[in-house]
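> A predicted structure for the sequence below; I have some questions about it.
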Amino acid sequence: MIKYQEIIDNISSGVKKAKNKGTVASYIPELAKVDGNKFGIHLIDASKNSYSAADASEKFSIQSISKVLSLTLCFSIVGNDIWKRINVEPSGSPFNHLSLLEFEKGIPRNPFNNDGAIVVADILISKLKNPKVDFLVFLQKLCNDATITYNKKVAESERITGFKNFAAANLLKSFGNLHNDVEIVLDFYFHLCAIEMNCEQLAKAFFIFMNHGKCLQGETYLNINQIKRINALMLTCGFYDEAGEFAFEVGLPGKSGVGGGIAAVLPNKYTVVTWAPGLNEKGNSKLGMLALEQLTTQTQQSIF
Ligand code: GLN
């Protein structure tokens, strides 16, 4: 039996002593207010045992981690048609990069760079009656937790400073790959990024990716082949131009967000979420990556 609690306690006290904790994102002004010394970690194993350390129950802005959840809902509704509008290749470029989108005629490289997630939001708007409400209901059910909601201040802060996302959405529109109004799609996209959750809630949400599509309560959301595809995308694209480094250091499919969260899974074994707001140059949580590298090294388990 692996002693997960002992391991995450050790990791937590170790990383908290790090001198360089990275830089809290400031391009979304609301995010700059977060205390850069926070660190939380929560792990749920295949037998549904939970292990928590430090600030794991404190809510934070999940930002791009929401892209995995919006993709999940979208994939469950439209199936493989989604891949007609979004590719499945790593971009090797930052999350908000634009030039590839123009070169590749409005087809985003993958669903986890901002342009791809904006197309996912567009598809959901076309398919859902009340996109913001319906998405929250989906997420609350997935986690069996009715308290999960949007932080309106963060969404507004993103809108005011979202120049590159407006550029991406307009570029998509010019190529015919955005069917709804730019303003409407981005309002939904900004709200998805502005969802607040803690490490424990996110670990519950990601349980389906380690459990072949079945959530903690036993309901099936995606089939095994669809889960394979989402995990493959997390591994190859979940950390933008640092996906290789994350696979090399950690060896798990995962997704980061500029709020400092990282959600990752070891299929059949566990789902784990870290939160440390300081980011590295690529926009991924510095201490989160360090902690997860230590987790897979100390447990001697990874997908490899
Ligand atoms: N809301 C952020 C943005 O669109 C999400 C980026 C991220 O978390 N990597 O810029």
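Looks like it arrived, so ask away.

> give the contact list for residue 266.
The contact partners of residue 266, by Cβ atoms under 8 Å, 6 or more residues apart in numbering, come to 210, 252, 272, 296, 301, 302, 303. C-beta here means a position set from N, CA and C on the backbone, and glycine is covered the same way.

> how far away is it from the ligand?
Distance, residue 266 to the ligand, by Cβ to the nearest ligand atom, to the nearest Å: 23 Å.

> quick revisit: just send the contacts of residue 266 back as CSV, with distance to the ligand and secondary structure too.
Listed next are the contacts of residue 266 as CSV, based on distance: Cβ to the nearest ligand atom, whole Å; DSSP: H, G, I helix; E, B strand; the rest coil:
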residue, distance to the ligand, secondary structure
210, 22, helix
252, 18, coil
272, 18, strand
296, 22, helix
301, 27, coil
302, 23, coil
303, 23, coil
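
> Residue 182 contacts residue 171, correct?
No - assessed by Cβ atoms under 8 Å, residue 182 is found out of contact with residue 171, at 10.1 Å.

> Strands of this protein, residue ranges please.
23-24, 40-45, 50-54, 60-61, 149-150, 195-197, 254-256, 261-266, 270-275, 278-279 (DSSP state E).

> Quick one: mean pLDDT over the first one.
Spelled out, that is strand 23-24. The average of the pLDDT scores along strand 23-24 is 96.

> got the contact list for that strand?
So strand 23-24 is contacted by 31, 32, 34, 36, 260, 277, 278, 279 (Cβ under 8 Å, 6+ apart).

> Provide the strand pairings for that strand, with the direction of each partner.
strand 278-279 (antiparallel) (DSSP bridges).

> so, in contact with the ligand or not, the partner strand?
No - using Cβ under 6 Å from any ligand atom, strand 278-279 never reaches the ligand; the gap is at least 9.0 Å.

> any idea how far that strand is from the chain center?
15 Å (Cα atoms, centre = their mean, to the nearest Å).

> all numbers from here: first residue = 120
New numbering, starting at 120: the last item is strand 397-398.

> Return the residues of the stretch 320-423 of the chain in contact with the ligand.
Residues of the stretch 320-423 of the chain lying near the ligand (Cβ under 6 Å from any ligand atom): 376, 377, 402.
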